[in-house]
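Colleague: Quick one: sequence plus predicted model below, questions after.
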Amino acid sequence: MGATVTTADNQGKIWGGGENEPMGASYGKLMMWFFIVSDALTFSAFLGAYGFSRFKFIETWPLADEVFTHFPFMHGVAAPMYYVALMTFILIFSSVTMVLAVDAGHQMNKNKVIVYMFLTIIGGLIFVGSQAWEWKNFIKGEYGAIETTGGSLLQFVDKDGKRVALADFAATLPAERERHAANKGAWFVSEGELPTYSVAEVQAGFKAHPDVLIRTEVLNQETKQKTILSRAESEAHLANAKYVVEGANLIRNEYGNRLFADFFFFITGFHGFHVFSGVIINIIIFFNVLVGTYEKRRSYEMVEKVGLYWHFVDLVWVFVFTVFYLV
Amino acid sequence: MSHVHESNTGKIWKVFGILSAVTIFEVVLGIYKPAFLHHNSLFGVLWGLSLLNIIFYALTVYKAYYIVYSFMHMDGETAWLRRSVVIPFIFLLIYLLFILLTEGHYIYGVFKDSTIKWNF
């Protein structure tokens, strides 16, 4: 029984029924597994819903390579995947330190548990920070785009197919509209931040730059590249412009399908929330280790249980990484 | 059931090596996207899954196996604990994915072949 007994004083009445432990696991550990199964199903449902929406719009879904291209201190360099790969390593490594802490707990080595749990907490904090940075870049956007009256998104490229930012070609027209605030005008309604450029400015700038073309969301199934329109088609499409989209919010985003940003925020946000709560739980257990709670219990099973949760968070990230960044 | 707790650190670092190697392999594939993998698919147009994506999913499941069985000590649990965690989950997952992806593909067809665009 030594592997799973939690406290010294409940010897003999574990699970309230003598020596009998269902499936050889203590109550806490089994409940942690049940929780993990249900939480895994929740994440499966989210990722499945993402797949559903992606299959619905399979021809127009954004390409992850073009969305997540930032790396710290490398401004303007397109570095797809490197940053998220780094985040993955940080999380896997914090999983390793967690399992080392569990291992040290089995040997009742308090000092080692302290060191490894501390490293795990640091890894978790770095990961959450990295995710915040990723969100910041995602929300801020890089190039900007135009949404048409039909709800599709137009991005801008030069002759070589390289992306062009709105700031590079949009004209500056005198008729600026002011942001509507609640304390001005009727009905006390306000509006969100206005984009840097108006639709008219983008259209005028487009006219003045004959080398700029429009790229639509439609994915060419042969080349796996987005379709670039001819100049004449581009002009026709731009006539339907309705909004200037910069960055991402829950309503529209400059990367493509609206649902893309919604799922990104929701799933990585829900995962980030798990990491955050994992860090909090780790900190609580860390202090319990420090004050010697588990030394007195003669069992570090609590570290093992919180470790299960922490590995689960890592496990989910492995899938989020594949679904959002690789596929 | 009494275990002698010898240290597993050797095995832990080995698993870390496997997970890292697989991740690096995935990232390299994801950056270079070899054309013969990226442009060929196994199931035709229906699923739109390129060979590259199938490799990514397979490697993900491979990594997940190591995380669950090694890091979460699933291999040390009793057979019925393993089964009661893994079997319901895998069953429900496959069921859910089959339903959602089939439905998503159907709606794609509706959007493509009819005039309905946004109203469902």
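Modeller: Structure received. Residues are numbered from 1 along each chain as shown, chains lettered A, B, ... in the order given.

Colleague: Can you check which helix is longest in chain B?
Modeller: The longest helix of chain B (DSSP state H) is helix B:79-113.

Colleague: Let me know the average pLDDT across stretch A:250-262.
Modeller: Taken as a whole, stretch A:250-262 carries a mean pLDDT of 91.

Colleague: In the strand or helix carrying A:Gly269, which residues are buried?
Modeller: Element membership of A:Gly269, judged by DSSP states H and E, is helix A:269-291. Neighbour-count burial for helix A:269-291 flags A:271-272, A:274-276, A:278-279, A:281-282, A:285-286, A:288-289 (criterion: 16 or more other CB atoms under 10 Å in any protein chain shown). Where you see a C-beta, it was placed from the backbone N, CA and C, and this is true even at glycine.

Colleague: Make a markdown table out of those and add distance to A:Thr223 and pLDDT.
Modeller: A markdown table is the format used below for the buried residues of helix A:269-291 (distance: CB to CB, whole Å; pLDDT from 0 to 100):
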| residue | distance to A:Thr223 | pLDDT |
| --- | --- | --- |
| A:His271 | 32 | 96 |
| A:Gly272 | 34 | 95 |
| A:His274 | 38 | 96 |
| A:Val275 | 37 | 96 |
| A:Phe276 | 40 | 96 |
| A:Gly278 | 41 | 96 |
| A:Val279 | 43 | 97 |
| A:Ile281 | 47 | 96 |
| A:Asn282 | 46 | 96 |
| A:Ile285 | 51 | 96 |
| A:Phe286 | 51 | 96 |
| A:Asn288 | 57 | 95 |
| A:Val289 | 55 | 95 |
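
Colleague: Redo those as CSV? Include distance to B:Phe25.
Modeller: Below are the buried residues of helix A:269-291 laid out as CSV (distance: CB to CB, whole Å):
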residue, distance to B:Phe25
A:His271, 23
A:Gly272, 26
A:His274, 26
A:Val275, 24
A:Phe276, 30
A:Gly278, 27
A:Val279, 29
A:Ile281, 32
A:Asn282, 30
A:Ile285, 34
A:Phe286, 34
A:Asn288, 39
A:Val289, 36
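
Colleague: quick one on the thing from earlier: quick one: is the longest helix of chain B near chain A?
Modeller: Yes: with CB under 8 Å from any CB of the partner chain as the measure, helix B:79-113 is seen reaching chain A through B:80-81, B:84-85, B:88-89, B:92-93, B:96-97, B:100-101, B:103-105, B:107-108, B:111-112.

Colleague: which of the residues you listed are buried?
Modeller: Neighbour-count burial (16+ other CB under 10 Å) applied to the residues of helix B:79-113 next to chain A gives B:81, B:84-85, B:89, B:93, B:96, B:100-101, B:104-105, B:107-108, B:111.

Colleague: which among those residues gets closest to chain A?
Modeller: Closest approach between those and chain A, by CB to the nearest CB: B:Gly104, at 3.1 Å.

Colleague: element containing the nearest residue to that closest one once chain neighbours are set aside?
Modeller: In space, and not counting its chain neighbours, B:Gly104 is closest to A:Phe55: 3.1 Å by CB to CB, 6 or more residues apart in numbering or on different chains. A:Phe55 belongs to helix A:27-56 when assigned by DSSP H and E.

Colleague: Could you name the helices and strands sitting against that helix?
Modeller: helix A:258-263, helix A:269-291, helix A:301-320, helix B:79-113 (3 or more CB pairs under 8 Å, 6 or more residues apart in numbering or on different chains; DSSP states H and E).

Colleague: can you redo those as a markdown table with distance to A:Leu194?
Modeller: Listed next are the helices and strands packed on helix A:27-56 as a markdown table, based on distance: least, CB to CB, whole Å:
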| stretch | distance to A:Leu194 |
| --- | --- |
| helix A:258-263 | 19 |
| helix A:269-291 | 26 |
| helix A:301-320 | 33 |
| helix B:79-113 | 32 |
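
Colleague: Which of the ones you listed sits closest to A:Phe46?
Modeller: Among these, the nearest to A:Phe46 by CB to CB is helix A:269-291 (6.7 Å).

Colleague: So that closest one, near chain B or not?
Modeller: No: for helix A:269-291, no contact with chain B is found by CB under 8 Å from any CB; the gap never falls below 13.7 Å.

Colleague: How about residues contacting that helix?
Modeller: If you take CB atoms under 8 Å, 6 or more residues apart in numbering or on different chains as the criterion, helix A:269-291 is touched by A:39, A:43, A:46, A:91, A:98, A:110, A:113-114, A:117-118, A:120-121, A:124-125, A:127-128, A:131-132, A:294, A:300, A:302-303, A:306, A:309-310, A:313, A:316-317, A:320.

Colleague: Go again with 6 Å.
Modeller: A:113-114, A:117, A:120-121, A:124, A:127-128, A:131, A:302, A:306, A:309-310, A:313, A:316, A:320 (CB atoms under 6 Å, 6 or more residues apart in numbering or on different chains).

Colleague: do you know which of the helices and strands packed on helix A:27-56 lies nearest B:Tyr62?
Modeller: helix A:301-320 (9.8 Å).

Colleague: could I get the closest one in PDB with only the CA atoms?
Modeller: C-alpha atoms of helix A:301-320 as PDB (Å, rounded to 0.1, in the frame of the first residue of the first chain):
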ATOM      1  CA  GLU A 301       1.500  11.900  -2.600                       C
ATOM      2  CA  MET A 302       0.100  15.500  -2.800                       C
ATOM      3  CA  VAL A 303       3.000  16.400  -5.000                       C
ATOM      4  CA  GLU A 304       2.200  13.400  -7.200                       C
ATOM      5  CA  LYS A 305      -1.500  14.500  -7.500                       C
ATOM      6  CA  VAL A 306      -0.600  18.100  -8.400                       C
ATOM      7  CA  GLY A 307       1.900  16.700 -10.800                       C
ATOM      8  CA  LEU A 308      -0.800  14.800 -12.600                       C
ATOM      9  CA  TYR A 309      -2.600  18.000 -13.200                       C
ATOM     10  CA  TRP A 310       0.500  19.700 -14.400                       C
ATOM     11  CA  HIS A 311       1.300  17.000 -16.900                       C
ATOM     12  CA  PHE A 312      -2.200  17.100 -18.100                       C
ATOM     13  CA  VAL A 313      -1.700  20.800 -18.900                       C
ATOM     14  CA  ASP A 314       1.400  19.900 -20.800                       C
ATOM     15  CA  LEU A 315      -0.600  17.200 -22.600                       C
ATOM     16  CA  VAL A 316      -3.200  19.600 -23.700                       C
ATOM     17  CA  TRP A 317      -0.600  22.000 -25.000                       C
ATOM     18  CA  VAL A 318       0.900  19.300 -27.200                       C
ATOM     19  CA  PHE A 319      -2.500  19.000 -28.900                       C
ATOM     20  CA  VAL A 320      -3.100  22.800 -29.000                       C
END
